[in-house]
Structures are given as C-alpha cells and as structure tokens.
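**Q** With the input below, show me the fold.
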Amino acid sequence: MTSSTPSTTRSSATNRRRFGAQDIALIAVFAALIAALTLVPAIPVGPLGVPITLQTFGVAVAALVLGAWRGFCAVGLYLIAGFAGLPVFAKFSAGLGVLAGPSAGYLIAFPITALITGALATYYLRRTGSLSRIMLFVAAIAGSIISTHPLGILGMRINGHIPLDKAFLVDMAYWPGDIIKSLLAALIAAMVFKAFPRFAHRTFS
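**A** Prediction:
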C-alpha cells in the first residue's frame, strides 16, 4: 500500500485547480476579449494587405495575466470559434478559409505566442515575486519575436507567394505596433496583479 505525501497531495490539488470552473470561466472571458478587440478596424499593410489589429494585444494580455496554459487555452478557444464560423477574425472574417490567406501564419502563431509569453511571465513572477513592468514587457515581446513574426513571415511566403526576404520586409511594418501593444499589455497585467494578487501568485503555469 502506498501513502500520499503532503507534496503529492498539494500537487494533486494543484492539478484539480487547473481544470476548475473558475479557470474555464477565465479562459472564456479572455477568449471573448480577444474576439471583441477585432471590432477595432483593422489597418491593411503591405502588398498582401495583412492588417494591423489588436489581436496580438489581446493575446499578450491573456498570456501575461493567465499564464502559459490558460493563456494558450484562451487563444485556442478564440481560434476555434473563428474556424467554426464566428466572425471574430480581422475584417469580421471566419472559417477555415482564412488558413489559405497571407495572415494564416500569424493566426497559427497566436497560441504558441501565448504559451511562450505566459511561461516566461510565470517564471519571472515565481523567481522574483516582483511586478516589474519591464520584465512583463520582455515576456510579451519575446513571445512575439520567437513565434508571431517568424510564423507570420512563413505564412506570407507560402500563401502570399512572395520571396522570403520580401515577406521579412513586410513583417517589419508590424514591429512598432507590436512593441507598443506589448508595453500596454505589460502595464495592464501589472495593474491586474496589483488589484488581484492571486493572479501573480501562481500555483500553475
């Protein structure tokens, strides 16, 4: 017969909390937030017309506030809703057909970006316990650098049928906006953590 140690009990309790009703509600709320941000008119950029939107801002906020896995699930739920036919993508588009468009790489990158950003933010919060806006900004922009932009460039290369170097140049137009959005996301996340400290004192990723 095996006995449960206190650490095992705590681990089991943590795992149960990951799938609690509150977590599901938060995932749904942040998925709705990302969808609502698409109501702000998109700004087409470059020869392919891939627009500047606030979706990346919503992804960063969700990841910083919720952490890696809940942020990933929130963004994933948003994408599932759009692929299922709800007009929650840029320019009120929807359906699997968007995966054939030049912005497909950016959409596919969103949940990966949330996972990376949330993991970095959680690591920082656990190690330091402080609420440095600069470090939260670093987490947000790192997710964008590692995932959003590379996959976005690849998507434009494949679906937009343009050379890789041209896709890279087109993508550079999104950098100033992403820096501003990452900074705003960090500021909002810091305010949320001050108002609701339990979000910063994470028991899960």
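**Q** Which parts of this structure are helices?
**A** If you assign secondary structure with DSSP state H, the helices in the chain sit at 6-18, 21-37, 55-66, 68-83, 104-128, 133-143, 149-159, 164-172, 175-195, 197-200.
**Q** can you list these in a markdown table and add mean pLDDT, distance to residue 97 and mean neighbour count?
**A** For glycine as for every other residue, the C-beta is placed from the backbone atoms N, C-alpha and C. Below are the helices of the chain laid out as a markdown table (pLDDT from 0 to 100; distance: least, CB to CB, whole Å; neighbours: other CB atoms under 10 Å):
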| stretch | mean pLDDT | distance to residue 97 | mean neighbour count |
| --- | --- | --- | --- |
| helix 6-18 | 44 | 34 | 10 |
| helix 21-37 | 95 | 18 | 16 |
| helix 55-66 | 97 | 17 | 29 |
| helix 68-83 | 97 | 9 | 22 |
| helix 104-128 | 94 | 10 | 22 |
| helix 133-143 | 96 | 27 | 21 |
| helix 149-159 | 97 | 11 | 21 |
| helix 164-172 | 96 | 21 | 16 |
| helix 175-195 | 95 | 25 | 17 |
| helix 197-200 | 85 | 36 | 14 |
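**Q** Looking at those, which is nearest to residue 90?
**A** Among the helices of the chain, helix 55-66 comes nearest to residue 90, with 7.0 Å by CB to CB.
**Q** Give me the angle between the closest one and helix 104-128.
**A** Here helix 55-66 runs at an angle of 30 degrees relative to helix 104-128 (axes from the mean of the first three to the mean of the last three CA atoms, to 10 degrees).
**Q** Does anything pack onto helix 55-66? Which helices or strands?
**A** If contacts are counted by 3 or more CB pairs under 8 Å, 6 or more residues apart in numbering; DSSP states H and E, helix 55-66 sits against helix 21-37, helix 68-83, helix 104-128, helix 133-143, helix 175-195.
**Q** could you dump the helices of the chain to CSV with distance to residue 92?
**A** Shown next, in CSV, are those (distance: least, CB to CB, whole Å):
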stretch, distance to residue 92
helix 6-18, 33
helix 21-37, 11
helix 55-66, 13
helix 68-83, 10
helix 104-128, 15
helix 133-143, 26
helix 149-159, 20
helix 164-172, 23
helix 175-195, 20
helix 197-200, 31
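**Q** Just tell me which of those ends up closest to residue 96.
**A** helix 68-83 (5.4 Å).
**Q** name the helices or strands packed onto that closest one?
**A** helix 21-37, helix 55-66, helix 104-128.
**Q** ok, now how distant is residue 129 from residue 191?
**A** 17 Å (CB to CB, to the nearest Å).
**Q** oh, I was asking about residue 139
**A** Residue 139 is 16 Å from residue 191, by CB to CB.
**Q** Same question for residue 56.
**A** Residue 56 is 19 Å from residue 191, by CB to CB.
**Q** Minimum distance to residue 95: which of the helices of the chain has it?
**A** Nearest to residue 95 among those is helix 68-83; the distance by CB to CB comes to 6.7 Å.
**Q** Could you tell me the angle between the closest one and helix 104-128?
**A** Using the same axes, to 10 degrees: helix 68-83 against helix 104-128 is 160 degrees.
**Q** Thanks again, I'm all set now.
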